[in-house]
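Asker: please work out how this folds:
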Amino acid sequence: MDEVAVAQTDPVPRSALAPGWLAMAFGSLLLLGTVGCDQSATSAITGDSAVSANTAQSDAPVRTSPHSGQHASLGRAATEAEIRAWDIDVRPDFKGLPEGAGTVLEGEEIWLAQCASCHGDFGDSNEVFTPLVLGNITEADMEKGRVASLANGGAQRTTFMKVATLSTLCDYIHRAMPWNNPKSLSDDEVYAVLAYLLNLAYIVDSDFELSNDNIAEVQARMPNRNGMTREHGLWTVDGEPDTHNVACMNDCAKAVKVTSSLPDHAAGANGNLANQMRAYSPFPGVDTGEGEDAAEPVQVASAQTQDTATDSASAAPPTEALQSNGCMGCHQMEGKIVGPGFKAIADKYADHDEAVGYLTEKIRQGGSGVWGSIPMPPQPNLSDEDLKAIAEWLAGEG
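Answerer: Residues are numbered from 1 along each chain as shown. Next up is the predicted model:
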């Protein structure tokens with residue numbers, strides 16, 4: 001406990017935190033970041049002078065470059081308001097944490113309305129993303145602050161098994177969630193959602209209220225709070241690498257032997273993997289289909305090569321609307337990624353009498369069950385103009 005307190009209170013330069021932080025963020029591919037909500041007590045732009053959370057809402061420039069006269073036409077100095085909008089991080093020692101509070105029950109309501117479609121009602125679904133809670137965590141791990149099962153391969157690793165700081169979760173929830181409307185949660189709502197996750201992870205009770213006043217106490221119960229380490233090659237430039245592979249220069253193997261693969265009985269359990277990978281991926285999916293499900297060449301999801309999706313949607317696709325609203329992240333013209341290809345959607349509703357109206361409602365409201373159990377989240381931020389263009393194009397009326 002004392003070691004944790006020292007780690008949280010000692011002043012650590014932000015530059016020193018970065019390497020370990022990046023390793024954690026990219027290693028987990030889940031809810032990881034540094035920590036943030038609406039305001040920050042520090043500013044990377046202003047150097048040693050902190051931008052206080054109570055700073056007046058001024059638009060006056062806070063600093064003028066000594067070279068501004070030489071490059072007067074290139075940009076301008078950032079205002080304090082602009083810096084506050086950008087500088088939303090909170091350090092792992094919770095410096096800069098905004099005031100706020102949220103209960104487990106309040107978080108449950110927000111979760112079921114805005115988060116459960118991707119993560120499940122209890123945060124343990126693995127249909128869309130890796131589970132967030134549960135996993136192989138013991139009471140001994142809680143006491144030691146180190147999840148022992150992480151040292152063993154083969155086990156499902158959840159976010160709460162890996163993440164070391166609550167600041168990480170607070171930051172990611174605030175910056176990136178919900179997926180279809182990031183940064184829309186207030187500070188109180190972020191605390192509430194995090195409180196609900198902490199309850200699901202058996203870290204706090206169901207009547208708990210998380211706030212800026214007690215978050216450090218909860219940090220002391222995180223199962224892997226001592227999991228961040230400097231003992232890896234990413235901490236220093238001259239550190240030891242995590243692996244010791246070397247490039248083969250002589251007598252290299254002429255063939256690679258695959259030592260692990262999906263068993264035949266499970267290979268096609270989730271459809272043909274070859275049709276679920278983007279064509280420009282460096283790792284094409286294995287062909288796990290048979291007969292009619294056998295893989296076909298997958299069309300690259302780009303504006304240049306996808307000028308027609310289906311016979312029914314013969315007009316040029318609304319490329320700008322599809323790309324700017326993130327549609328291409330889950331769909332491509334042909335072949336399934338997360339959701340079905342646009343060709344399959346257009347074919348399915350080619351003879352639907354009210355295709356435009358139906359598709360408009362499905363895109364706006366989201367849902368699951370039509371194309372399998374993986375849900376499509378609602379799209380409240382999609383403009384009416386873009387929604388109309390996409391629905392009419394899919395219905396062949398564009």
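Asker: any weak-confidence spans in the stretch 1-150 of the chain?
Answerer: 1-72 (pLDDT under 70).
Asker: all helices of it, in order?
Answerer: Along the stretch 1-150 of the chain, counting by DSSP state H, counting those that start in this stretch, helices occupy 2-9, 14-28, 80-86, 104-114, 116-119, 139-144.
Asker: give me the contact list for the fifth one.
Answerer: Outside of helix 116-119, the residues within contact range by Cβ atoms under 8 Å, 6 or more residues apart in numbering are 111, 125, 128, 129, 132, 179, 366, 368, 375, 376, 377, 378. Quick note: C-beta positions are derived from backbone N, CA and C, even for glycine.
Asker: can you flag the buried ones in the residues you listed?
Answerer: 111, 125, 128, 129, 132, 179, 375, 376, 377, 378 (16 or more other Cβ atoms under 10 Å).
Asker: contacts only, for the third one.
Answerer: Residues touching residue 128, when contacts are defined by Cβ under 8 Å, 6+ apart, comprise 118, 119, 338, 374, 375.
Asker: out of those, which is most surrounded?
Answerer: The most crowded member of the contacts of residue 128 is residue 119, carrying 25 neighbours; neighbours defined as other Cβ atoms under 10 Å.
Asker: now that one: how far from residue 160?
Answerer: As for residue 119, its distance to residue 160 is 12 Å (criterion: Cβ to Cβ, to the nearest Å).
Asker: between these two, which contacts overlap?
Answerer: Common neighbours of residue 119 and residue 160 (Cβ under 8 Å, 6+ apart) are residue 132.
Asker: residue 246: how many residues sit nearby?
Answerer: Residues near residue 246, counting by other Cβ under 10 Å: 6.
Asker: measure it to residue 252 for me?
Answerer: 11 Å.
Asker: which strands or helices does the strand or helix carrying residue 344 pack on?
Answerer: Assigned by DSSP states H and E, residue 344 falls within helix 342-348. The contact analysis (3 or more Cβ pairs under 8 Å, 6 or more residues apart in numbering; DSSP states H and E) places helix 342-348 against helix 384-394.
Asker: and if we set it to 10 Å?
Answerer: For helix 342-348, the packing partners by 3 or more Cβ pairs under 10 Å, 6 or more residues apart in numbering; DSSP states H and E come out as helix 355-365, helix 384-394.
Asker: what mean pLDDT does the last one have?
Answerer: Looking back up the chat, that one is helix 384-394. For helix 384-394, the mean pLDDT works out to 90.
Asker: let me see the ranges of the strands in the stretch 201-350 of the chain.
Answerer: Counting by DSSP state E, counting those that start in this stretch, the segments of the stretch 201-350 of the chain that form strands are 209-211.
Asker: dump stretch 185-203 to PDB, restricted to CA.
Answerer: Output of stretch 185-203 as PDB, limited to C-alpha atoms (Å, rounded to 0.1, in the frame of the first residue of the first chain):
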ATOM      1  CA  LEU A 185     -20.800  12.000 -21.400                       C
ATOM      2  CA  SER A 186     -20.600  14.600 -18.600                       C
ATOM      3  CA  ASP A 187     -18.100  14.300 -15.800                       C
ATOM      4  CA  ASP A 188     -20.800  12.900 -13.500                       C
ATOM      5  CA  GLU A 189     -21.800  10.300 -16.200                       C
ATOM      6  CA  VAL A 190     -18.200   9.200 -16.600                       C
ATOM      7  CA  TYR A 191     -17.900   8.600 -12.900                       C
ATOM      8  CA  ALA A 192     -21.200   6.700 -12.900                       C
ATOM      9  CA  VAL A 193     -20.200   4.400 -15.800                       C
ATOM     10  CA  LEU A 194     -16.900   3.700 -14.200                       C
ATOM     11  CA  ALA A 195     -18.600   3.000 -10.800                       C
ATOM     12  CA  TYR A 196     -20.800   0.500 -12.600                       C
ATOM     13  CA  LEU A 197     -17.800  -1.300 -14.100                       C
ATOM     14  CA  LEU A 198     -16.100  -1.300 -10.800                       C
ATOM     15  CA  ASN A 199     -19.100  -3.000  -9.300                       C
ATOM     16  CA  LEU A 200     -19.200  -5.600 -12.100                       C
ATOM     17  CA  ALA A 201     -15.500  -6.200 -11.300                       C
ATOM     18  CA  TYR A 202     -16.300  -6.800  -7.600                       C
ATOM     19  CA  ILE A 203     -14.200  -3.800  -6.600                       C
END
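Asker: quick one: mean pLDDT over it.
Answerer: On average, stretch 185-203 scores 95.
Asker: so where does the residue nearest to residue 102 when sequence neighbours are not counted fall, helix or strand?
Answerer: Nearest residue to residue 102, sequence neighbours excluded (Cβ to Cβ, 6 or more residues apart in numbering): residue 192, at 2.6 Å. If you go by DSSP H and E, residue 192 is part of helix 187-200.
Asker: could you list every helix and strand in contact with that helix?
Answerer: Checked by 3+ Cβ pairs under 10 Å, 6+ apart, helix 187-200 has strand 101-103, helix 104-114, helix 159-162, helix 166-176, strand 209-211, helix 215-219 packed alongside it.
Asker: ok so, going back, and the helices and strands packed on helix 342-348, which is most packed in?
Answerer: Mean neighbours per residue, mean count of other Cβ atoms under 10 Å, is largest over the helices and strands packed on helix 342-348 for helix 384-394, with a mean of 19.
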